[in-house]
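S.K.: can't give you the sequence, but here's the structure:
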Ligand SMILES: [Zn+2]
């Protein structure tokens, strides 16, 4: 699918095709996935009882905790003898044609290859670890890897319109077995005129990276905004290096606050940049090929492959043994997903760990695919509730939004970074910046009922050698 074809999609068509793929997934793939086999059998629900996504209310939601206990049980496992038959049934249902049948007769070798690409877990994708204590691992098949590459190419082509000259790409994600670095490297291979093949984190030092930037003048950067703001741009400025006048920065793997976007723009100006577009991307290993991206600043994240995942929001009751039996669809709430992208790891009715809002309105860019906005971590929200709960015990107060609080403080001039640490009923702010700003911070906090403790600290003592900077830490 290309961007023009994506623009022809309507909400009705997307919902229809998602439901067709959901039925095919349930009937032909979930019956070969241990966890779902048990869930359906225990509740005496037939595979054919699930016709549309609304029917999933008969079934429980799966939590991250339950998934991480045994990720192996979520992989589609089909006997070698049955593989072709399952593959054929699944495809005939979603494509309404007999191409697999014909391949069975005329192109047996090709079919064998396709079946292998469809079922065999090829790449483990690790992500997170900050929320659950250990990273989630999700297995992608070769077919899904190809799909992901296609998605990234679509996004990059959409973005490259912002640049009117040759694209020189600089990858500033840490190198490792996670989607971000690999995805961006592939994208630059495909759409950039030159891919510098760099990596941040421990792979290459900032000094090395800025030397390359000085010599090659990259105009498309991708990485975590904290690294770009805290390390890369300050070093560029310090060494008086000039970047091209027009550049794009793509953020991924961490939240991007409005004040962080502003800070990147201010810093880039000091490096000679006249025009800068800061775009944000959203992904999670559990979404597999379901990558989402902004088309322009603050557009919300567009679901580039709407047929590969169903995204919803729910309100839910208590968790029992890793499952949530009582829940309902709600317009705003906890994010839940259903993988519809073939075999590998299957997560259906899976609570992702974020809160967001979904809109299907057609965007100015022409896309009317599902778009998510106001993304935050459930853990942050829960901590907010906990903190507020404590406050409410003493003073009746409004809710405290940790991301919003961090954004506000970052907006103060001469504050370069803020780390919000919530522990039990205490809230601490670690500030990097001039100590003189303390009174400005206190002014901003005046309206808040919960008075955080303010500590000034250096950048190095903040990070504690971790690869990923965490703006909000919940202990
Ligand atoms: Zn758009």
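M.R.: Looks like it came in fine. Nothing here was measured: the structure is a model prediction, and the numbers come from that model.
S.K.: domains in this protein, by residue range?
M.R.: Domain assignment of the chain by automatic domain parsing yields the ranges 3-76+306-368, 147-282, 380-474.
S.K.: what number of residues lie near the residue in the stretch 51-200 of the chain positioned nearest to the ion?
M.R.: Relative to the ion, the nearest point of the stretch 51-200 of the chain is residue 158 (8.5 Å; Cβ to the ion). Bear in mind the C-beta positions are built from the backbone N, C-alpha and C, glycine included. Residue 158 has 20 neighbours, counted by other Cβ atoms under 10 Å.
S.K.: before we move on, the earlier item: deepest of the domains of the chain, which one?
M.R.: domain 147-282 (a mean of 19; mean count of other Cβ atoms under 10 Å).
S.K.: between its first and last residues, how far does that domain reach?
M.R.: 16 Å (Cα to Cα, to the nearest Å).
S.K.: same check, this time on stretch 71-79
M.R.: Per Cα to Cα, stretch 71-79 runs 19 Å from first to last residue.
S.K.: residues touching that stretch, excluding its own?
M.R.: Contact with stretch 71-79 is made by 29, 32-35, 67, 86, 119, 121, 136-139, 343-347, as judged by Cβ atoms under 8 Å, 6 or more residues apart in numbering.
S.K.: what does stretch 415-427 give?
M.R.: Contacts of stretch 415-427 (Cβ under 8 Å, 6+ apart): 226, 229-230, 263, 383, 386-387, 390, 400, 402, 405-406, 409-410, 428-433, 437, 441, 450-453, 457, 459, 462, 470-475.
S.K.: how distant is that stretch from the center of its chain?
M.R.: 24 Å (Cα atoms, centre = their mean, to the nearest Å).
S.K.: same thing with stretch 78-96?
M.R.: Distance, centroid of stretch 78-96 to centroid of chain: 30 Å (Cα atoms, centre = their mean).
S.K.: and it, average pLDDT?
M.R.: For stretch 78-96, mean pLDDT is 94.
S.K.: mind pulling up the pLDDT for the nearest residue to residue 378 once chain neighbours are set aside?
M.R.: Counting by Cβ to Cβ, 6 or more residues apart in numbering, residue 378 lies nearest to residue 353, which is 5.2 Å off, once chain neighbours are set aside. Per-residue confidence (pLDDT) for residue 353: 85.
S.K.: what secondary structure does residue 353 sit in?
M.R.: Secondary structure, DSSP: H, G, I helix; E, B strand; the rest coil: residue 353 is strand.
S.K.: hang on, isn't it packed against residue 64?
M.R.: Yes: counting by Cβ atoms under 8 Å, residue 353 does reach residue 64; the two are 5.6 Å apart.
S.K.: can you tell me how far the residue nearest to residue 378 sits from the ion?
M.R.: Plainly put, residue 353 is 25 Å away from the ion if you go by Cβ to the ion, to the nearest Å.
S.K.: strands of the stretch 201-350 of the chain, start to end?
M.R.: 220-223, 246-251, 275-282, 292-293, 301-303, 309-316, 323-324, 327-329, 332-339, 348-359 (DSSP state E, counting those that start in this stretch).
S.K.: pLDDT of the third one, averaged?
M.R.: Spelled out, that is strand 275-282. Mean predicted confidence for strand 275-282 is 95.
S.K.: now check it, is it near the ion?
M.R.: No: Strand 275-282 does not reach the ion (Cβ under 5 Å from the ion); its nearest approach is 11.0 Å.
S.K.: which parts of the stretch 1-150 of the chain sit against the ion?
M.R.: Counting by Cβ under 5 Å from the ion, no residue of the stretch 1-150 of the chain is near the ion.
S.K.: right, and residue 154 touches residue 5 too?
M.R.: No: applying Cβ under 8 Å, one finds residue 154 not in contact with residue 5, separated by 9.8 Å.
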